[in-house]
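>>> My questions are about this predicted structure, shown below with the sequence.
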Amino acid sequence: MSFKTSPAFVIDVGANHGKWIGSLLELLSIPEVWIFEPNPEAMKICRQRIGSRSGVKYFDMALGEAPGQITLHVTASSDFASVLPPRTEFLEKQYAKNAARVV
């Protein structure tokens, strides 16, 4: 994908440690970025990676169709944290053992 100009606005939902949005910000100058991540530990790492760039806003929350509260299943590997229970049988066949273990 190539852009003739940078996008004016990007939303990263489920940013985890901020690897994707961090890489995008290294390549493009984006005036406004909203980063959503409900896992406090993952968001801490994301904030450290991205920093206090102008136009970047952090939201420590999940997004859904209605306001409310929901349980976040935080896993040993933060990549698999989800409001859905992890499918450990599938994930353990594909990834490191215990990566999907809820911690």
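Here it is on my side, so go on.

>>> now the residue nearest to residue 19 when sequence neighbours are not counted, what's its secondary structure?
Excluding the flanking residues, the one nearest residue 19 by CB to CB, 6 or more residues apart in numbering is residue 49, at 7.5 Å. All C-beta atoms are positioned from the backbone trio N, CA, C, and that covers glycine. Classification of residue 49 using DSSP: H, G, I helix; E, B strand; the rest coil returns helix.

>>> Does residue 49 touch residue 18 like I think?
Yes: between residue 49 and residue 18 there is a contact at 4.4 Å, judged by CB atoms under 8 Å.

>>> The two: which is more packed in?
Higher neighbour count among residue 49 and residue 18: residue 18, with 24 against 15, using other CB atoms under 10 Å.

>>> these two touch, right, the more buried one and residue 46?
Yes: counting by CB under 8 Å, residue 46 is a contact partner of residue 18 at 3.4 Å.

>>> Break down the chain into its helices, ranges please.
Along the chain, the stretches classed as helices by DSSP state H are 19-27, 40-50, 88-94.

>>> Dump these into a markdown table; add mean pLDDT as well.
Below are the helices of the chain laid out as a markdown table (pLDDT from 0 to 100):
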| stretch | mean pLDDT |
| --- | --- |
| helix 19-27 | 96 |
| helix 40-50 | 97 |
| helix 88-94 | 74 |
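
>>> on that earlier part again, where do the contact lists of residue 18 and residue 46 overlap?
Shared contacts of residue 18 and residue 46 (CB atoms under 8 Å, 6 or more residues apart in numbering): 35, 37.

>>> Domain map for this structure?
Taking automatic domain parsing as the domain assignment, the ranges for the chain are 1-65, 71-103.

>>> Confidence-wise, which of those is weakest overall?
Lowest mean pLDDT within the domains of the chain: domain 71-103, at a mean of 81.

>>> Going by neighbour count, which residues in that domain are buried?
Of the residues in domain 71-103, 74-82, 86, 88, 91, 99-100 count as buried by neighbour count, 16 or more other CB atoms under 10 Å.

>>> Closest to residue 54 out of those?
residue 78 (26.9 Å; CB to CB).
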